[in-house]
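Asks: please work out how this folds:
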Amino acid sequence: MIRTRTIATLAALGGMTAAIGLLAGLPAAKADELADLRANQELLQQRLDQLSQAAPAAPASPIGVGSFPRSFLIPGTDTSMRVGGQGVGSVLWYMKGFATGGALNGAGGVNETFTDGQGGTGNLANIPLKSPTVGPAAGPAANAVGYAPSRSSDWQFSGKQSQIFLDVRQPSPYGEIKAFVSFDFAASNTNTILNVNEGSVNGYIPRFREGYATFAGILAGQTVGTFVDNDSTPELLDFGGETGTNFVARTPQVRYTYPLPNGQSVAIAAEQPNGLIAGPFGTYYLDTNAIPTAASCAAVITPAATTTNITNACLGNAAFFDPSQQLLPTFVARWRIDQPWGHLQVGATTVGYYLNDGRGLNQSYLGYGGAISGHVFTWGKDNMGGGFVGGNGIGDQIANGVGLATNFGAALAGDPLAVNGTNSASKFSGGNGVVPGASVAMRNLYDSAVLSRTIVAFAAHVYYQHWWTDQLRSSVDFSMNHNDVPDLPGYALSRQTGANAGAVNKELEITHLNLMWSPVAFVDLGIEGAWGHRQVVSNLRGDAYTLQTAMKVRF
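Replies: The predicted structure follows:
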């Protein structure tokens with residue numbers, strides 16, 4: 001009994017001792033854990049101190065967003081790119097005045113050159129002219145100058161205004177560097193036979209519109225001319241636009257632009273020369289060429305009392321008689337200011353003309369002119385604008401402007417080589433039985449009778465745009481241009497008759513009225529009426545009336 005009680009007592013004392021030992025070890029374990037926590041906290045504080053001393057990071061921007069609106073950043077570079085353009089469908093009704101095709105003695109069907117509007121670069125300069133004898137008793141003579149009342153109405157459905165462009169920009173120490181290329185499908189098919197071209201398959205081809213690069217204020221390539229001021233023109237469905245505005249729409253050039261304070265800038269440019277010249281067989285540009293494979297014909301002349309059969313082109317057209325030569329760029333200087341109230345632009349230009357037929361003709365002329373244009377906001381989003389441009393020999397620096405008149409190619413008085421009294425194609429033949437010395441002498445004699453004059457021209461345009469709502473607006477405009485074509489000794493252009501009566505335009509006028517609706521951003525729907533008027537140097541006239549609708553989606 002005593003022994004059992006002793007064993008129990010010893011067991012109790014052992015358990016108590018173990019418990020006391022365990023309790024004594026807990027503070028030591030707790031101390032080690034707290035020491036670890038303190039060490040971790042010190043390391044974390046050191047890391048926070050290091051981060052607080054580092055440079056603050058720039059605000060993060062959304063991944064892929066480029067440096068200009070609707071552009072994206074090319075991965076791994078600082079280059080921004082935008083692929084954009086527009087899809088367009090238009091329906092154009094020529095109620096009267098459609099420029100007919102070459103079939104049926106000039107009263108033929110579809111002329112694909114003017115499918116998208118009757119404006120300044122469209123149908124306007126080619127409106128069929130009314131014959132002075134038009135009437136019940138006129139008969140076939142009514143068609144002598146291309147007027148066929150029953151053939152001057154037409155419908156045109158088109159998507160040729162659709163276009164696509166690529167805009168690429170990159171920052172540099174010299175400012176923003178830019179490359180831009182655009183195409184549409186409005187190439188002219190005038191000299192191409194495309195049967196059934198209005199069906200499911202057509203021959204429309206991409207047309208190069210713009211392609212240029214900019215660096216440090218320098219622009220090189222093809223884009224809108226430096227003389228142009230598109231901000232002074234209205235919003236139109238007519239793809240041909242106004243007439244008499246500052247031109248050239250798009251041309252190869254080298255331009256330098258220097259920014260000035262308060263929204264001002266000055267620019268100087270050297271541009272590709274391509275002045276418009278008026279001759280006996282119509283107007284032609286510097287780069288107008290006859291078709292190389294045109295069929296030739298035979299003409300019999302009698303130089304030095306010797307009858308010789310020689311082969312000639314015998315073409316009574318402007319292309320065959322194009323002696324123009326490009327020896328001087330078109331120079332342009334421009335000042336512009338942009339402000340919240342609108343903008344103002346002033347420009348000056350010089351245009352060179354050189355006529356050289358490779359033998360005795362060697363003439364040079366310098367045209368010049370100036371322009372002022374702009375636009376202003378009236379109230380709300382309403383705005384109005386316009387401009388005036390004029391000069392002597394200013395040529396294609398005015399839309400539809402003629403720069404030089406010449407009688408080269410006409411059957412001039414005393415011309416020993418006149419063919420059938422209509423032209424002097426034979427003087428361009430060399431040899432073929434003709435005594436070389438006599439041929440040179442006769443060509444020199446003809447060239448000495450050639451006279452040319454620069455043409456005084458002026459133009460004006462004005463528009464007003466009213467916003468009915470934030471999505472609905474209307475524009476009304478009027479534009480005109482006048483070419484004071486002179487009479488030249490030996491061939492009076494102003495007294496042309498017959499087939500050549502409509503060859504040179506004296507005055508063009510056009511007006512538009514439209515209603516445009518943008519139900520959502522980047523979508524335009526509209527309807528537009530237009531009236532165009534044409535008067536040539538012989539004072540024959542023609543009118544055109546159109547109604548056009550279109551839907552445009554920009555992207």
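
Asks: mind showing which ranges of the stretch 51-200 of the chain have poor pLDDT?
Replies: 51-63, 102, 105-106, 110-113, 132-150, 188-200 (pLDDT under 70).

Asks: quick one, helices of it?
Replies: 103-106 (DSSP state H, counting those that start in this stretch).

Asks: could you pull out the strands for it?
Replies: In the stretch 51-200 of the chain, the segments counted as strands under DSSP state E, counting those that start in this stretch are 72-73, 80-96, 154-158, 163-170, 177-184.

Asks: residue 380 touches residue 467, doesn't it?
Replies: Yes. With contacts counted by Cβ atoms under 8 Å, residue 380 reaches residue 467, the gap being 6.2 Å. From N, CA and C alone the C-beta is placed, and that goes for glycine too.

Asks: more neighbours: which of these two?
Replies: Set side by side, residue 380 and residue 467 show more neighbours around residue 467, with 15 against 9, by other Cβ atoms under 10 Å.

Asks: residue 516 is in contact with the more buried one, correct?
Replies: No. No contact is recorded between residue 467 and residue 516 when judged using Cβ under 8 Å, the distance being 9.8 Å.

Asks: who touches both of the two?
Replies: Contact criterion Cβ atoms under 8 Å, 6 or more residues apart in numbering; residues shared by residue 467 and residue 516: residue 473.

Asks: excluding residues flanking it in the chain, which one is nearest residue 372?
Replies: Using Cβ to Cβ, 6 or more residues apart in numbering and skipping residues adjacent in sequence, the residue nearest residue 372 is residue 346, 5.2 Å away.

Asks: for residue 287, same thing?
Replies: residue 274 (6.2 Å).

Asks: which ones are touching that neighbour?
Replies: 248, 251, 285-287, 326, 330, 396 are the contacts of residue 274 under Cβ under 8 Å, 6+ apart.

Asks: quick one: which of those has the lowest pLDDT value?
Replies: Across the set of the contacts of residue 274, residue 287 stands lowest in pLDDT, at 79.

Asks: so how far is residue 254 from that one?
Replies: 19 Å (Cβ to Cβ, to the nearest Å).

Asks: more crowded one of these two?
Replies: residue 254 (16 against 11).

Asks: my guess is that one contacts residue 218, does it?
Replies: Yes. Residue 254 lies in contact with residue 218 (Cβ under 8 Å); the separation is 7.3 Å.

Asks: for the helix or strand where residue 447 lies, give the mean pLDDT please.
Replies: For residue 447, the element it lies in under DSSP states H and E is helix 436-448. In this model, helix 436-448 has a mean pLDDT of 68.

Asks: what does stretch 466-477 give?
Replies: Stretch 466-477 comes out at a mean pLDDT of 97.

Asks: show the end-to-end separation of it, please.
Replies: Its first and final residues considered, stretch 466-477 spans 12 Å by Cα to Cα, to the nearest Å.

Asks: which residues are contacting it?
Replies: For stretch 466-477, using Cβ under 8 Å, 6+ apart, the contacting residues are 233-236, 242, 380-382, 461-465, 511-519.

Asks: list the buried residues in it.
Replies: Applying a neighbour-count criterion of 16 or more other Cβ atoms under 10 Å, one finds 466, 473-475, 477 buried in stretch 466-477.

Asks: narrow those residues to those in strands?
Replies: If you go by DSSP state E, the buried residues of stretch 466-477 have 466, 473-475, 477 in strands.

Asks: could I get those residues as TSV with distance to residue 126?
Replies: Formatted as TSV, these follow (distance: Cβ to Cβ, whole Å):
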residue	distance to residue 126
466	32
473	31
474	28
475	25
477	21
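
Asks: wait, which of the residues you listed is closest to residue 78?
Replies: Proximity of those to residue 78 (Cβ to Cβ) peaks at residue 473, which lies at 38.7 Å.

Asks: thinking again about what came up before, can you give me phi and psi for the residue nearest to residue 287?
Replies: Note on residue 274: its backbone torsions stand at phi -160, psi 60 [degrees, to the nearest 10].
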